[in-house]
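Q: coordinates for the following, if possible.
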Amino acid sequence: MGTRLIYYNGFVPPCGIFCGGCPVFVRDKNRCEGAEIGCKKRKCKGIYVCCIEKKGLDFCHQCKSYPCSKLKKFAERWLKYGQNLLENQEFIKEYGKKKFIEKMKEKTS
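A: The predicted model follows:
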């Protein structure tokens, strides 16, 4: 199963994953279409629903319960892919989504 470099400029989900660095996004077969489609289809284990649909937030760091146990458990699984979601949240909080995408594109290319 091969992978290819795909530049991702789309939606950054509330959990702070950069889809362009996700192995499911870059694989050749049965790849994810990115967060703007994937999160809505799967409801992201409740993180998408909690942040966006229930609370009207853009990112988990905006919540008074941040970091909740749901995000912490989810974030642990992403460490093996080189994404620390809690660090991603802090970067987004400090520098914004646009700078986050630029930083992650550099990191994954």
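Q: can you count the residues close to Phe74?
A: Phe74 is flanked by 19 other residues according to other C-beta atoms under 10 Å. C-beta here means a position set from N, CA and C on the backbone, and glycine is covered the same way.
Q: can you confirm it is in a strand?
A: No: per DSSP: H, G, I helix; E, B strand; the rest coil, Phe74 lies outside any strand segment and is helix.
Q: correct me, but it touches Ile47?
A: Yes: look at Phe74 against Ile47 with C-beta atoms under 8 Å: they come within range, at 6.2 Å.
Q: quickly list what's touching both of those two.
A: When contacts are counted by C-beta atoms under 8 Å, 6 or more residues apart in numbering, Phe74 and Ile47 have Cys15 as shared neighbours.
Q: so where does the most centrally placed residue in the chain fall, helix or strand?
A: Closest residue to the average C-alpha location of the chain: Ile17 at 1.7 Å, with C-alpha atoms, centre = their mean. Counting by DSSP states H and E, no helix or strand carries Ile17.
Q: what's near enough to touch it?
A: Neighbour list for Ile17: 35, 78, 83, 85, 88 [criterion: C-beta under 8 Å, 6+ apart].
Q: how close does the closest residue to the first one other than its chain neighbours get to Asp28?
A: Counting by C-beta to C-beta, 6 or more residues apart in numbering, Pro13 is the residue found nearest to Ala35 once chain neighbours are left out, at 4.1 Å. According to C-beta to C-beta, to the nearest Å, Pro13 and Asp28 sit 23 Å apart.
Q: have a look at these two and say which one is more surrounded.
A: Pro13 (24 against 9).
Q: would you say the more buried one is within a strand?
A: No: according to three-state DSSP, the state of Pro13 is coil, so it is not within a strand.
Q: let's test this: name the helix or strand in the chain with the lowest mean pLDDT.
A: helix 35-42 (a mean of 73; mean pLDDT, DSSP states H and E).
Q: check which element follows that one along the chain.
A: That would be, after helix 35-42 and using DSSP H and E, helix 47-48.
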